[in-house]
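Engineer: Let's see this in three dimensions:
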Amino acid sequence: MISHRATSLLCLAAALVSTGCVRTNATAPKTYAVKGKVVYNDGTPMTSGFIEFQSVKHPGLRINAEIKKDGTFTLETLVDGQRLRGAPEGEHKVTITPMLTGDQTSQPDLKPLVLPKTYAIQADDGNELTITVEKPKR
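Structural biologist: Numbers count the residues shown, from 1 in each chain. Next up, the predicted model:
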């Protein structure tokens, strides 16, 4: 049988969690939904690879996503083994790593692309980015 004190503590813990008074990760900055598309300068989508954002304000965070076949991505931030939706607000440096597909002997040397400009994430969940990169020469 559970004592009255134990029942009270369980109720208090449940109330704190349901009202948001307990944070599961005190070191994580607030993140905001970010989705986008990577396209080449001719308008065609990049069909595979990875995109990584590096926050200027929080440079130690891992913020990345896989680029899907239609060029789209949805960012996640990795903090203490947890994946959080989106990215923190502020300016971010961007690196794109293309992935080899199909016949790898016919593909150009695919090196990570460090983009020269930064991209801003706003403090809302409506962040939608189109990132344009130069198409590799074949």
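Engineer: What is the end-to-end distance of stretch 37-54?
Structural biologist: Criterion Cα to Cα, to the nearest Å; first-to-last residue distance in stretch 37-54 is 17 Å.
Engineer: ah, wrong one, I meant stretch 37-46
Structural biologist: End-to-end span of stretch 37-46 (Cα to Cα): 8 Å.
Engineer: which residues are contacting it?
Structural biologist: With contact meaning Cβ atoms under 8 Å, 6 or more residues apart in numbering, stretch 37-46 is reached by 49, 51, 67, 69-73, 96, 98, 129-135. Glycine gets a C-beta too; all of them are placed from N, C-alpha and C.
Engineer: mind checking how far the residue nearest to the spatial centre of the chain is from Glu89?
Structural biologist: Geometric centre of the chain, nearest residue: Leu75, 2.4 Å, by Cα atoms, centre = their mean. Distance, Leu75 to Glu89, using Cβ to Cβ, to the nearest Å: 12 Å.
Engineer: Would you mind measuring from Thr31 to Met46?
Structural biologist: 24 Å.
Engineer: quick one on the thing from earlier: how about the contacts made by the nearest residue to the residue nearest to the centre of the chain once chain neighbours are set aside?
Structural biologist: Nearest residue to Leu75 in three dimensions, chain neighbours excluded: Val34, at 4.1 Å (Cβ to Cβ, 6 or more residues apart in numbering). When contacts are counted by Cβ under 8 Å, 6+ apart, Val34 touches 53, 74-75, 86-87, 121, 127-129.
Engineer: Across the sheet, point out what pairs with Val34.
Structural biologist: Beta-bridge partners recorded for Val34 (DSSP bridges): Asn127.
Engineer: quick one: low-confidence ranges for the protein?
Structural biologist: 1-26, 101-109, 138 (pLDDT under 70).
Engineer: now the strands for it?
Structural biologist: 34-40, 49-55, 62-67, 72-74, 76-79, 82-85, 90-97, 113-114, 119-121, 127-133 (DSSP state E).
Engineer: export the ones you listed to a markdown table and tack on distance to Thr27?
Structural biologist: Listed next are these as a markdown table, based on distance: least, Cβ to Cβ, whole Å:
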| stretch | distance to Thr27 |
| --- | --- |
| strand 34-40 | 20 |
| strand 49-55 | 14 |
| strand 62-67 | 13 |
| strand 72-74 | 23 |
| strand 76-79 | 6 |
| strand 82-85 | 10 |
| strand 90-97 | 17 |
| strand 113-114 | 27 |
| strand 119-121 | 19 |
| strand 127-133 | 22 |
